[in-house]
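Peer 1: Build me a model from this:
(one chain, ligands or ions: 1)
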Amino acid sequence: MKSMLRGKDWIETPDWSVEELETLLDVAGDLKRRFALGEPHRLLQDKTLFMMFFEQSTRTRNSTEAGMTQLGGHAHDLTPDKMQISHGETPKDTGMVLSRYGHGLAIRNCFYGIGNQYIREVAKYASVPVINLQCDVDHPCQSIADLMTVREKFGTNLRGMKFVVSWTYAPAYARPLSVPQGLIWLLPRFGIDVTLAYPKEFNLMPRTVEAAKKFAKEQGTKFEITHNMDDSFKNAVVCYPKSWGCHQYLADQGVPEEDKKRVGMEILNKYKSWVCTEKRMRMAKKNAVYMHPLPADRGAEVEDAVIDGPQSIVFDQAENRLHTVKAIQALTMGGRP
Ligand code: CP
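Peer 2: Numbers count the residues shown, from 1 in each chain. Next comes the predicted model:
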């Protein structure tokens, strides 16, 4: 077990070895047990985490702040408008200054082509660990919680399990690519066969797809892409249908910034049938589960009967966001000196 993780950034899961991720999952399981028992686990007594949210959040904000409280520390809930970021203060200066005040920085910045670079720039100059609370490339706090949830339901030997990550129709807003990208490059490293399904204009960033293929090849698992939602559900054990925007396609096509919203909506509205229905869930294996990172666009991307039905494990997923982020905090901000 690789246990020396103090000071390590948590930005993309490929930055961590499988052995390090196993340590994280093991600690998350231990913290979950202690939380269930009401056993104190103040591993970060008097430590401070600065959370910077460039976008809205329910699960990530509250699990990360609650995590710090339960570990005996404190988290500051910051947004750019509360900081000099709004007047152009650089990621370098922000990272260097906050490092002098506390023990960790955590950032959500999902702006396409910007978020990951921003977090990396802060991390380059910060002298404390930096936690990615979701960017345009990865949502590692989500994917590791999802992996923990799948292992709780199906055990740790997941060889031969078909896990489908499917695009869905959701008109509310164009979500980042980071959840599907985070899943496709994490799950093959744990022996899972991944099928990625999307209408052709909803392609992901090439580097994440290439990494998924490489990991699948190294692990001897399958990584398949289809543009047919029904086909993707056949024989799936985990169905993970969720929406994302056509950000990569619009960039590939050179669509001007001012036209992206209109063109994106026109493309989106061609695919209203990409919904997770009870009928589609019946195409999967009998013991299949339904997963979604939330928030779900109920009635658009999924039928209530599915998300509220017996196959849904969405609230177990949401709960595991707490235990996994506490493991990330405890290992990177605390741990061995
Ligand atoms: N799944 C997730 O990251 O949810 P929030 O956007 O509410 O944090």
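Peer 1: buried ones in stretch 110-130?
Peer 2: Residues of stretch 110-130 classed as buried by neighbour count (16 or more other Cβ atoms under 10 Å): 110, 112, 115-116, 118-123, 125-126, 128-130. All C-beta spots, glycine's among them, are computed from the backbone N, C-alpha and C.
Peer 1: check whether that stretch contacts the ligand.
Peer 2: No. If you take Cβ under 6 Å from any ligand atom as the test, stretch 110-130 misses the ligand, and the best it gets is 9.2 Å.
Peer 1: Give me every residue in the stretch 51-200 of the chain lying close to the ligand.
Peer 2: By the rule Cβ under 6 Å from any ligand atom, the part of the stretch 51-200 of the chain lying against the ligand is Ser57, Thr58, Arg59, Thr60, Gln134, Gln142.
Peer 1: and which of those is nearest Ile11?
Peer 2: Gln134 (11.0 Å; Cβ to Cβ).
Peer 1: Assumed that closest one was part of a strand.
Peer 2: Yes. Counting by DSSP: H, G, I helix; E, B strand; the rest coil, Gln134 is located in a strand.
Peer 1: list the contacts for it?
Peer 2: Glu55, Ser57, Thr60, Arg108, Cys110, Gly115, Cys141, Gln142, Pro176, Ser178 (Cβ atoms under 8 Å, 6 or more residues apart in numbering).
Peer 1: Could you do Glu20 as well?
Peer 2: Counted by Cβ under 8 Å, 6+ apart, Glu20 has contacts Lys2, Leu5, Lys8.
Peer 1: And the last one, how close does it get to Glu210?
Peer 2: In this structure, Lys8 lies at 24 Å from Glu210, with Cβ to Cβ, to the nearest Å as the measure.
Peer 1: neighbour count winner among these two?
Peer 2: Lys8 (16 against 11; other Cβ atoms under 10 Å).
Peer 1: burial count for the residue of the stretch 201-337 of the chain found nearest the ligand?
Peer 2: For the stretch 201-337 of the chain and the ligand, the shortest gap (Cβ to the nearest ligand atom) falls at Pro293, measuring 3.8 Å. The number of residues packed near Pro293 is 26, by other Cβ under 10 Å.
Peer 1: Pull up the gap between it and Gly67, please.
Peer 2: Pro293 is 17 Å from Gly67, by Cβ to Cβ.
Peer 1: Could you do His227 as well?
Peer 2: Counting by Cβ to Cβ - His227 and Gly67 are separated by 39 Å.
Peer 1: Which helix or strand contains the closest residue to Glu65 other than its chain neighbours?
Peer 2: Closest residue to Glu65 apart from its sequence neighbours, by Cβ to Cβ, 6 or more residues apart in numbering: Ala75 at 4.3 Å. Per DSSP states H and E: Ala75 is located in strand 74-78.
Peer 1: Show me which positions of that strand end up buried.
Peer 2: For strand 74-78, by 16+ other Cβ under 10 Å, it's Ala75, His76, Leu78.
Peer 1: cool, and stretch 323-336?
Peer 2: Buried residues in stretch 323-336 (16+ other Cβ under 10 Å): 323-335.
Peer 1: Now those in TSV, please, with extra columns for pLDDT.
Peer 2: Shown next, in TSV, are the buried residues of stretch 323-336 (pLDDT from 0 to 100):
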residue	pLDDT
His323	99
Thr324	99
Val325	99
Lys326	98
Ala327	98
Ile328	98
Gln329	98
Ala330	98
Leu331	98
Thr332	98
Met333	98
Gly334	96
Gly335	82
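Peer 1: just curious, which of the contacts of Gln134 is nearest to Leu196?
Peer 2: When those are compared against Leu196 (criterion: Cβ to Cβ), the nearest one is Ser178, at 14.1 Å.
Peer 1: Mind pulling up the pLDDT for the closest one?
Peer 2: Here the pLDDT value assigned to Ser178 is 98.
Peer 1: ok, for it, nearest residue in space, not its chain neighbours?
Peer 2: Per Cβ to Cβ, 6+ apart, closest to Ser178 is His139, 4.2 Å.
Peer 1: His247 too?
Peer 2: Going by Cβ to Cβ, 6+ apart, His247 has Tyr112 as its nearest residue, at 4.6 Å.
Peer 1: Contacts only, for the one you found.
Peer 2: Contacts for Tyr112 (Cβ under 8 Å, 6+ apart) come out as Asp136, Pro176, His247, Ala251.
Peer 1: Can you select the buried ones from those in ChimeraX?
Peer 2: In ChimeraX, a selection of the buried entries from the contacts of Tyr112 looks like this (16+ other Cβ under 10 Å):
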select :136,176,247
